[in-house]
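*Asks:* after the sequence you'll find the predicted model.
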Amino acid sequence: MRKFIILSSITAMFMLTSFRFHPFYVGITEVRYNTSNSKVQASIKLFTDDFQRAFSKFGGNMEPKISNEDDKKKVEEFLMSKFGVTFLCSNSRPQIKFTLFSWEEEEEATWFYLTSDTKIDARDLPQNIIIYNRLLCDQHEEQLHVLHLYVNNKRESQQINCEKQAYKFEVAP
């Protein structure tokens, strides 16, 4: 019985510390073309504690509030300094401009929701789209980002890291 209690205590301590200090650094980025409003939308999921540390080094509040307009602008500036989507068209490379419209915490992670400033006609969607993401790479060189691109009711996925910070998706018409 005593061995069981000791083993249970050690397991419980390990579980509590593993939630606090996660040994891996992964973010999820979803980019989709929304046909109903003709805009590109992005969602980015990061571990909350990692985001807060990086954001405070960027000059923001450790726990920004969505209701505070200055915090919202600073979070948007932080995200846009490390994330981007570029459409590769025949004669230009337009960078999609995003606006942060919300974020929400979910257990130990935070989702950030962005939408493009301008509408894009479905006929103008390019054959190639580059997603760039180096969020949290300044803090963790082992940071990974799983990218999901949704276009024409299809999902393509890829993984990038701090060495390979972008991926070019070839979109089938």
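*Replies:* Cool, got the structure.

*Asks:* report the central residue of this protein.
*Replies:* I44 (2.6 Å; Cα atoms, centre = their mean).

*Asks:* contacting residues for it?
*Replies:* Residues in contact with I44, defined by Cβ atoms under 8 Å, 6 or more residues apart in numbering, are G27, I28, T29, E30, L79, F83, W111, F112, L114, N133, L135. Backbone N, C-alpha and C define where each C-beta goes, glycine included.

*Asks:* now the element after the helix or strand the first one falls within, going C-ward?
*Replies:* Counting by DSSP states H and E, the element that carries G27 is strand 26-34. Proceeding N to C from strand 26-34, the next assigned helix or strand is strand 39-47, under DSSP H and E.

*Asks:* angle of that following strand against strand 26-34?
*Replies:* On the basis of axes from the mean of the first three to the mean of the last three Cα atoms, to 10 degrees, strand 39-47 is oriented at 170 degrees to strand 26-34.

*Asks:* which strands and helices sit next to whatever helix or strand comes next after strand 39-47?
*Replies:* Using DSSP H and E, the next helix or strand after strand 39-47 towards the C-terminus is helix 48-57. Helices and strands touching helix 48-57, by 3 or more Cβ pairs under 8 Å, 6 or more residues apart in numbering; DSSP states H and E, are helix 69-82, strand 109-116.

*Asks:* what helix or strand is K164 located in?
*Replies:* Remark: K164 resides in no helix or strand, with elements defined by DSSP H and E.

*Asks:* again, but for the one 4 residues further on
*Replies:* With the criterion set as DSSP H and E, the secondary-structure element containing K168 is strand 166-170.

*Asks:* ok now that strand, how far from the chain's centre?
*Replies:* 16 Å (Cα atoms, centre = their mean, to the nearest Å).
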